[in-house]
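Asker: pasting the sequence and the predicted coordinates here, then a few questions.
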Amino acid sequence: GIAHTTSGRRYRLGVMGGTFDPIHHGHLVAGSEVAAQFDLDEVVFVPTGMPWQKRDREVSMPEDRYLMTVIATASNPRFSVSRVDIDRDGDTYTVDTLKDLHAERGPEVDLFFITGADAVRQILTWYGADELFDLAHFVGVTRPGVPMTADDLKHLPADRVTLIEIPALAISSTDCRHRVRENAPIWYLVPDGIVQYIAKRGLYPHPETGVRS
Ligand code: ATP
Ligand code: MG
């Protein structure tokens, strides 16, 4: 990979992990906004393998989630997609994602892990939490409906975690899936290509009829 930018400073790589079932404009705005505010050279989107926090629902095939992420990010020259999590066996843990990206990209790369405010408050409960802050800087983006307080951050290392506000986008994958099931529109919540991919692959069918129009 690229070790340095042309200026010779260390390469700044944003990492946006997610289930991306489906990817939506909230994810894309978060990646774009953090890239601008943190002067990132690239943001890599990393679809999860087996989402261990989401065992309670059916998650779409990794290949579908990977392809949707590729489609949604294709037009942005600074966005890329990594298969490290979907190609690794077993559950996905952020500590493994960050270690694999370090191994792949080399020691001259600084990682900035981008996560929604809802996840920031849970970081300390994640597997490998003691190592996480050595591997990456954490950027928590505010999500509509998930207010952050100083209390949420009090156990996190202040020099390794930054919270930023991004333009409010009250979009979630959960809502997108519900909309598809109920035949409500998802236009403009997700990129056009994602609307079309979901229809083409028949993702998120109605649980009773098993079909969608
Ligand atoms: P679900 O509803 O299935 O949980 P989601 O919309 O939260 O899906 P994920 O794939 O779980 O999407 O999220 C990946 C990352 O993007 C998480 O860190 C999450 O907090 C963040 N994120 C999701 N939606 C937004 C949004 N609208 N604005 C900012 N960050 C978001
Ligand atoms: Mg989520």
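Answerer: Yep, it's here. Numbering: from 1, shown residues only. Ligands and ions are numbered 1, 2, ... in the order given.
Asker: you'd agree E104 is up against V84?
Answerer: Yes: between E104 and V84 there is a contact at 7.1 Å, judged by C-beta atoms under 8 Å. Where you see a C-beta, it was placed from the backbone N, CA and C, and this is true even at glycine.
Asker: contacts only, for D110.
Answerer: Listed by C-beta atoms under 8 Å, 6 or more residues apart in numbering, the contact set of D110 reads 10-13, 136-137.
Asker: what lies in contact with the lowest-mean-pLDDT helix or strand in the chain?
Answerer: Using mean pLDDT, DSSP states H and E, helix 150-153 stands out as the lowest-scoring helix or strand of the chain, at a mean of 73. For helix 150-153, contacts defined as C-beta under 8 Å, 6+ apart pick out 117, 120-121, 161, 163.
Asker: could I get those as TSV with secondary structure, pLDDT and neighbour count?
Answerer: Formatted as TSV, the contacts of helix 150-153 follow (DSSP: H, G, I helix; E, B strand; the rest coil; pLDDT from 0 to 100; neighbours: other C-beta atoms under 10 Å):
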residue	secondary structure	pLDDT	neighbour count
A117	helix	80	20
V120	helix	79	23
R121	coil	76	18
V161	strand	89	18
L163	strand	88	16
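Asker: looking at these, spot the one nearest R78.
Answerer: L163 (22.1 Å; C-beta to C-beta).
Asker: from ligand 1, how far off is that closest one?
Answerer: According to C-beta to the nearest ligand atom, to the nearest Å, L163 and ligand 1 sit 12 Å apart.
Asker: can you give me the strands in the chain?
Answerer: Remark: strands assigned in the chain by DSSP state E are 11-18, 42-47, 79-81, 109-116, 137-141, 161-164.
Asker: nearest to ligand 1: which residue in this structure?
Answerer: In the chain, the residue that lies nearest ligand 1 is G116 (1.7 Å; C-beta to the nearest ligand atom).
Asker: for that residue, list the residues it contacts.
Answerer: By C-beta under 8 Å, 6+ apart, the neighbours of G116 are 30, 140-141, 143, 146.
Asker: coming back round to it: what residues sit buried inside the least confident helix or strand of the chain?
Answerer: Along helix 150-153, these residues count as buried under the neighbour rule (16 or more other C-beta atoms under 10 Å): 152-153.
Asker: got the residues of the protein near ligand 1?
Answerer: Neighbours of ligand 1 within the chain, by C-beta under 6 Å from any ligand atom: 18-21, 26-27, 30, 115-116, 118-119, 141, 143, 166, 169, 171-174.
Asker: at 5 Å instead, please
Answerer: Residues of the chain found near ligand 1, taking C-beta under 5 Å from any ligand atom as the criterion, are 18-19, 26, 30, 115-116, 118-119, 141, 143, 169, 171-174.
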